[in-house]
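A.B. asks: Predicted model and sequence below, questions to follow.
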2 protein chains.
Amino acid sequence: MVAVSTIAIEEQTFTIAEVAEKTGVSAHALRYYERIGLLEVGRQASGHRRFTGHDVDRVVFIGRLRATAMPIREIQRYFALVAGGPGTEDERLALLQAHHATVRAQLRDLEAALDAIEHKIARYGGSCSP
Amino acid sequence: MVAVSTIAIEEQTFTIAEVAEKTGVSAHALRYYERIGLLEVGRQASGHRRFTGHDVDRVVFIGRLRATAMPIREIQRYFALVAGGPGTEDERLALLQAHHATVRAQLRDLEAALDAIEHKIARYGGSCSP
DNA sequence: CCTTGACTTAGAGCGTGCTCCAAGCCTTAG
DNA sequence: CTAAGGCTTGGAGCACGCTCTAAGTCAAGG
């Protein structure tokens, strides 16, 4: 029987600069997110942050929520639920679904506004309006 | 021969409150837009603003640009071109087209982020990430 | 040993886009 | 005449989301 290789115990970790690079979230923003409780990152003996893969995933997810303009407050509520453990999953789901619906609606409005702008571009010659 | 009725000379005008109501842009914002040169609105003898239909159209258009997150600065540049007369139409068109491209790109990113969130919603049970 | 450079912290500062305030003027109703 | 209500102005204030500063620590390279 072939020995099963030991599962990686020491997970790879990343510095704040590496995470900034990987995720496109600035180091400043990462520290800010930690301060306001969106992230809880471990430290080396030196005090420097070490982001686990899990932490990086969370940053990516936060990035997506921000990219869809979810207010920081709501993201805080979301992660407060996550911290609250498995009993909060229904509520988390509801929160994400509500956000999803909001964004879909915004998308529709955006499309509509963009179409109007496109029309204006198409029949250009008009000087300013509708 | 039937007499052709005189064309309406006195165009209908609107108060700031009416325009706010019609366009969804607050009266505060309308005054702000005027202050920063996006709008130039006539006055009654009393000093009260009177918005013409043309003005209202412009407000609607500004609303659309804002709805698509065009920065105020760029909207200012646009209307500076409009004020510059017919010689600036190519430049205006270019500005709108550039904005259009930007928004389309943002739309794509937004869709992508939203899809990722949807996936998370779909296989909910995950505690926080990608 | 010293420098370089990435990191740490608390806290201040900033850009955007409104939003609100205070003081005052007009108009209309009672 | 008076009071209410909507408007005017310049300027201050605000919410959001970072972004930057200052002062200091730490590790590695020359």
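C.D. replies: It's in.
A.B. asks: Can you list phi and psi of A:Arg92 for me?
C.D. replies: Phi and psi for A:Arg92, reported as degrees, to the nearest 10, are phi -60, psi -50.
A.B. asks: my read: it touches A:Leu81, true?
C.D. replies: Yes: look at A:Arg92 against A:Leu81 with CB atoms under 8 Å: they come within range, at 4.7 Å. (C-beta placed from N, C-alpha, C; glycine too.)
A.B. asks: neighbour-wise, which of those two wins?
C.D. replies: Ranked by neighbour count (other CB atoms under 10 Å in any protein chain shown), A:Arg92 and A:Leu81 place A:Arg92 first, with 22 against 18.
A.B. asks: give me the number of residues near A:Ala112?
C.D. replies: For A:Ala112, using other CB under 10 Å, the count is 13.
A.B. asks: Can you see whether the helix or strand encompassing it contacts DNA strand C, counting any residue in it?
C.D. replies: Secondary structure from DSSP states H and E places A:Ala112 in helix A:89-122. No: using CB under 7 Å from any atom of the strand, helix A:89-122 stays clear of DNA strand C, coming no nearer than 13.6 Å.
A.B. asks: quick one: contacts for the closest residue to A:Glu118 other than its chain neighbours?
C.D. replies: Spatial nearest neighbour of A:Glu118, chain neighbours left out: B:His100 (6.5 Å); criterion: CB to CB, 6 or more residues apart in numbering or on different chains. B:His100 makes contact with A:114, A:117-118, A:121, according to CB atoms under 8 Å, 6 or more residues apart in numbering or on different chains.
A.B. asks: Model confidence for B:His100, exactly?
C.D. replies: Looking at B:His100, its pLDDT reads 89.
A.B. asks: what's the answer for A:Gly24, then?
C.D. replies: pLDDT, read off for A:Gly24, is 95.
A.B. asks: And for it, the neighbour number?
C.D. replies: 12.
A.B. asks: Next: A:Leu96.
C.D. replies: By other CB under 10 Å, the burial measure for A:Leu96, its neighbour count, is 19.
A.B. asks: least trustworthy helix or strand in chain A by mean pLDDT?
C.D. replies: helix A:89-122 (a mean of 89; mean pLDDT, DSSP states H and E).
A.B. asks: Domain-wise, how is chain A divided?
C.D. replies: A:11-67, A:71-124 (automatic domain parsing).
A.B. asks: Can I get these in TSV including distance to B:Gln76?
C.D. replies: Shown next, in TSV, are those (distance: least, CB to CB, whole Å):
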stretch	distance to B:Gln76
domain A:11-67	27
domain A:71-124	17
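A.B. asks: near DNA strand D, which of the contacts of B:His100 show up?
C.D. replies: Answer for the contacts of B:His100 near DNA strand D: none qualify (CB under 7 Å from any atom of the strand).
A.B. asks: who wins for neighbours among those?
C.D. replies: Of the contacts of B:His100, with other CB under 10 Å as the count, A:Ile117 tops at 21 neighbours.
A.B. asks: so what's that one up against?
C.D. replies: B:64-65, B:68, B:96, B:99-100, B:103.
A.B. asks: Likewise for A:Ala29?
C.D. replies: With CB under 8 Å, 6+ apart, A:Ala29 has no contacts at all.
A.B. asks: can you check A:Tyr78 too?
C.D. replies: With CB under 8 Å, 6+ apart, A:Tyr78 has these contacts: A:65, A:92, A:95-96.
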